[in-house]
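**Student:** no letters, just coordinates:
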């Protein structure tokens, strides 16, 4: 598949769909609208970007040896090949390791890392680990709240990838309003260890008598995760903040751990100031203290060779990007090496795919 041809087909189809119900009688307005649409006003230009490399963290085996993770995690969190077969154990990023260790201490935390950084594993691993240690079938241990059903559906697929559909050691279910009566009844009769839902459905669970069995099963809830925390702002943020407090009260969750994921920190000030601000807002939202040191961000790893500041060749190439300086001769292997260091081609392997 040619991705650019695919993109153009999507644009053509969407343009045809939009045009089918636009009927502007004024010729001048019609021409203006048509010109804007042909210029791409309704769709962005192609975006090509490099994925960052994240600093590697502790290994799965190392965390098991320290008794941070249950030994069964060795069989659960493994690389899944394209054919569905499981390969070697996962390698964690540094921020994932920090999240796992923070969760083990029983403290609230927020993960603020970029796309493709494995945010979901930063709470899935601690939750599964807790269920493995405490035993399955003892009520709801974790509720993961998503702002959109599409995210809940995607996460259910991720859980199936690692746990399978019928894992007796850790069970999970989706309760978002997409389920039919039979599915809902099954979940109420046998509540899973992990429940995937959205904030509207969680509100209904607390208020409707049909879900009283889920409420009873959630007594002593241990984890409450709010994915995409940055989406809860304004009135919606206030509603969710009150919902978190009702959850803690209704479920008698005295040891509740609140976890949030968000986009990378982008507010002003130093990194310490940013963490303090995120911790302040998260504390307001959760109604429970979030320490600044538990605002976990990404640690990037350099992909290219770091040149010496006094390297004449490097300085010249920075001065003349894209080619060697006129007064320098770069040939053969030396030229390839120098250009590679500037082009952003990774010289080191990255940890296994998350």
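**Tutor:** That came through fine. What you see is a predicted model; the values in this text were computed from it and never measured.
**Student:** I figured residue 287 hits residue 247, correct?
**Tutor:** No. Taking contacts as Cβ atoms under 8 Å, residue 287 lies outside contact range of residue 247: 9.8 Å. Any C-beta I mention is one placed from the backbone N, CA and C, and that applies to glycine too.
**Student:** mind giving me the domain ranges of the chain?
**Tutor:** 3-38, 56-297, 303-354 (automatic domain parsing).
**Student:** among those domains, show me which one is buried the most.
**Tutor:** domain 56-297 (a mean of 18; mean count of other Cβ atoms under 10 Å).
**Student:** how far away from the center of its chain is that one?
**Tutor:** Remark: domain 56-297 is offset 11 Å from the chain centroid, using Cα atoms, centre = their mean, to the nearest Å.
**Student:** start at 33 instead
**Tutor:** With 33 as the first residue, the last one maps to domain 88-329.
**Student:** and the residue nearest the centre of this structure?
**Tutor:** Nearest to the mean C-alpha position of the chain, by Cα atoms, centre = their mean, lies residue 151 at 3.6 Å.
**Student:** just the element for that residue, please.
**Tutor:** According to DSSP states H and E, residue 151 maps onto no helix or strand at all.
**Student:** what do you get for residue 256?
**Tutor:** Residue 256 belongs to strand 255-258 when elements are defined using DSSP H and E.
**Student:** and the strands in the protein, which stretches?
**Tutor:** 88-91, 110-112, 118-121, 123-125, 141-144, 174-178, 204-206, 226-230, 255-258, 289-294, 327-329 (DSSP state E).
**Student:** the third one pairs with which strands?
**Tutor:** Right, the one you point to is strand 118-121. Here strand 118-121 is paired, per DSSP bridges, with strand 110-112 (antiparallel).
**Student:** could you pull up the mean pLDDT of the partner strand?
**Tutor:** For strand 110-112, mean pLDDT rounds to 85.
**Student:** and what of stretch 66-77?
**Tutor:** In this model, stretch 66-77 has a mean pLDDT of 83.
**Student:** please apply the same query to stretch 144-155.
**Tutor:** Regarding stretch 144-155, the rounded mean pLDDT is 89.
**Student:** hmm, who's touching it?
**Tutor:** For stretch 144-155, the external contacting residues (Cβ atoms under 8 Å, 6 or more residues apart in numbering) are 83-84, 86, 109, 122, 124-125, 127-128, 131-132, 135, 143, 176, 187, 190, 255, 257, 259, 291, 293-297, 310, 327-330, 386.
**Student:** could you list every residue that touches residue 292?
**Tutor:** Neighbouring residues of residue 292 by Cβ under 8 Å, 6+ apart: 141, 142, 143, 257, 258, 259, 261, 314, 317, 318.
**Student:** please name the nearest non-neighbouring residue to it.
**Tutor:** Counting by Cβ to Cβ, 6 or more residues apart in numbering, the nearest residue to residue 292 once its immediate chain neighbours are dropped is residue 261, at 3.8 Å.
**Student:** over to residue 209?
**Tutor:** residue 233 (5.6 Å).
**Student:** surely that neighbour meets residue 210?
**Tutor:** No. Assessed by Cβ under 8 Å, residue 233 is found out of contact with residue 210, at 9.6 Å.
**Student:** any idea how far the spatially closest residue to residue 334 that is not a sequence neighbour lies from residue 330?
**Tutor:** Spatial nearest neighbour of residue 334, chain neighbours left out: residue 85 (7.6 Å); criterion: Cβ to Cβ, 6+ apart. To residue 330, residue 85 is 10 Å away according to Cβ to Cβ, to the nearest Å.
**Student:** between those two, which one's more packed in?
**Tutor:** Per other Cβ atoms under 10 Å, whichever of residue 85 and residue 330 has more neighbours is residue 330, with 20 against 16.
**Student:** grab the nearest non-local neighbour of the more buried one.
**Tutor:** Once flanking residues are discounted, residue 330 sits nearest to residue 145: 4.1 Å by Cβ to Cβ, 6+ apart.
**Student:** now swap in residue 125 and tell me
**Tutor:** residue 86 is the one closest to residue 125 (Cβ to Cβ, 6+ apart), at 4.3 Å.
**Student:** tell me what that neighbour is bridged to.
**Tutor:** Residues in a beta bridge with residue 86, per DSSP bridges, are residue 332.
**Student:** that one touches residue 331, doesn't it?
**Tutor:** Yes. Taking contacts as Cβ under 8 Å, residue 86 lies within contact range of residue 331: 6.6 Å.
**Student:** what is in contact with those two at once?
**Tutor:** Common neighbours of residue 86 and residue 331, using Cβ under 8 Å, 6+ apart, are 125, 126, 127.
**Student:** where do the helices sit along the chain?
**Tutor:** Secondary structure of the chain, counting by DSSP state H: helices at 35-51, 59-70, 92-97, 105-108, 126-136, 153-166, 181-195, 213-221, 231-239, 244-249, 266-282, 303-318, 344-351, 364-375.
**Student:** so, low pLDDT: which residues of this structure?
**Tutor:** Low-confidence segments of the chain, defined by pLDDT under 70, span residues 81, 296-299, 339-343, 349-386.
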